[in-house]
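Student: predicted coordinates and the sequence they were generated for:
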Amino acid sequence: MADLAKVSEATVSRVLNNVGPIKEETRQRVIDAANELNYAPSALARNFATSKSGNIGVILPYLPKVNMFSTYFFSEILSGIGSMSREFGYDLLLLFRPMDDVLNYYSQLFHTHKVDALIVLGSKEDPIELEALRRLKEEGRHFCLINQHYDGEGFSEVDATHEKGSYEAVTHLIQQGYKEIAFINGPDEYSNSRERSAGYRRALHDHGLEVNQSLLFTGNFGRKSGYAVASSVFARLNEVDAIFASNDRMAIGLHQGLRDLGIPWNQLPGMIGFDDSDIAELTTPTLSSVKVPFFQMGELAAENLLSRLRPSSLGMQDHFRIQLPTELMIRESSLRTDSKEE
């Protein structure tokens, strides 16, 4: 190919691997020669030439007895990461967070598994987790968190406007005439739980309503935890006229639990979930929910991370923080209608 293009073999390598400055005329001669010879460099050879493995690691939380790949959150984010990684010519290496030795695990992956970059899902406020991430930053590793924010750390993050979405959801319930609004939140170690709680409280405050501590419940984002809360909500139905749940799975679990306790669908409290998963439109009544663009979050995490691995990334900031907007999707469950009041 070098002879056909009338250049050196080193120049052919630089053109095919997009490394270094190359005159456009020279680059085009190499490409024309490659096309004439039907040349397609193997991924392995290309990776050897660029000292890259071609793999991006994705850390997943280990959740026993949970089929996380069927959950909307993980399936959408992973699809987004995979879609964009393919455009960059990268493969995904899915890795479960270990139960112990997290402190060294993240850093070691760049040696033991030869990943070029790392995306972390399910990160939470934990001293050991935080120290492990700080080590990656100190070592200059390329990594990104999705759906988790650490104040003051300067980690690369792709997140959503959870507080704004929560505020809009609770404001909508208040505008529908609901006053006693219960809240089912996820664990506090996740930043999105704290942000959704802040939005809930701010909406009540801005509309002159007090937070009723007896109407605050905690689940684990799973459907069963929402179902478990149903009995407590049922015991307070004289106090509760609406419920805001921190994700759709808990909202649907609560819905099922209240129905099993004998509440007709048209006498259920007003209800809003969060995520706007596919199942939100399949419930009766259909579930109002705050839409979170998880697929786009996965895409942007991969795009911004992998862009920084290219030779042309010189001058780009080492870290990035992106917040995508949420959107309230209003359906039957949060509307006060004649059929619901019958």
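Tutor: Here it is on my side, so go on. In this text, all values refer to a predicted model and were calculated from it rather than measured experimentally.

Student: and the closest residue to Ser288 other than its chain neighbours, what does it touch?
Tutor: Of all residues not flanking Ser288 in the chain, Ser334 sits nearest, at 3.8 Å (Cβ to Cβ, 6 or more residues apart in numbering). Any C-beta I mention is one placed from the backbone N, CA and C, and that applies to glycine too. For Ser334, the contact set (Cβ atoms under 8 Å, 6 or more residues apart in numbering) comprises 172-173, 176, 242, 270-272, 288.

Student: by neighbours, which of those wins?
Tutor: Ile272 (30 neighbours; other Cβ atoms under 10 Å).

Student: what about that one, which SS state?
Tutor: strand (DSSP: H, G, I helix; E, B strand; the rest coil).

Student: quick check: Arg259 is in a strand.
Tutor: No. Counting by three-state DSSP, Arg259 is not part of a strand but helix.

Student: that one contacts Asn266, doesn't it?
Tutor: No. The criterion here is Cβ atoms under 8 Å, and Arg259 misses it with Asn266 at 11.3 Å.

Student: now the strands: where do they sit in the chain?
Tutor: 55-60, 91-96, 117-121, 143-146, 157-160, 181-185, 216-218, 242-245, 270-275, 288-291, 321-324, 327-329 (DSSP state E).

Student: Leu37: neighbouring residues, count only.
Tutor: Leu37: 11 neighbours (other Cβ under 10 Å).

Student: residue contacts, the spatially closest residue to it that is not a sequence neighbour?
Tutor: Using Cβ to Cβ, 6+ apart and skipping the chain neighbours, the partner closest in space to Leu37 is Met1 (5.8 Å). By Cβ under 8 Å, 6+ apart, Met1 lies in contact with 12, 30, 33-34, 37, 39.

Student: let's see it at 10 Å
Tutor: Contacts for Met1 (Cβ atoms under 10 Å, 6 or more residues apart in numbering) come out as 7, 9, 12, 15-16, 30, 33-34, 36-37, 39.

Student: in PyMOL, how would I select just the buried ones from these?
Tutor: Of the contacts of Met1, the buried ones can be selected in PyMOL as follows, counting by 16 or more other Cβ atoms under 10 Å:
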select buried, resi 7+12+15+16+30+33+34
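
Student: pull the most distant pair out of the contacts of Met1.
Tutor: Glu9 and Glu36 (16.8 Å; Cβ to Cβ).

Student: who touches both of Arg259 and Asn266?
Tutor: Joint contacts of Arg259 and Asn266 (Cβ under 10 Å, 6+ apart) are Thr284.
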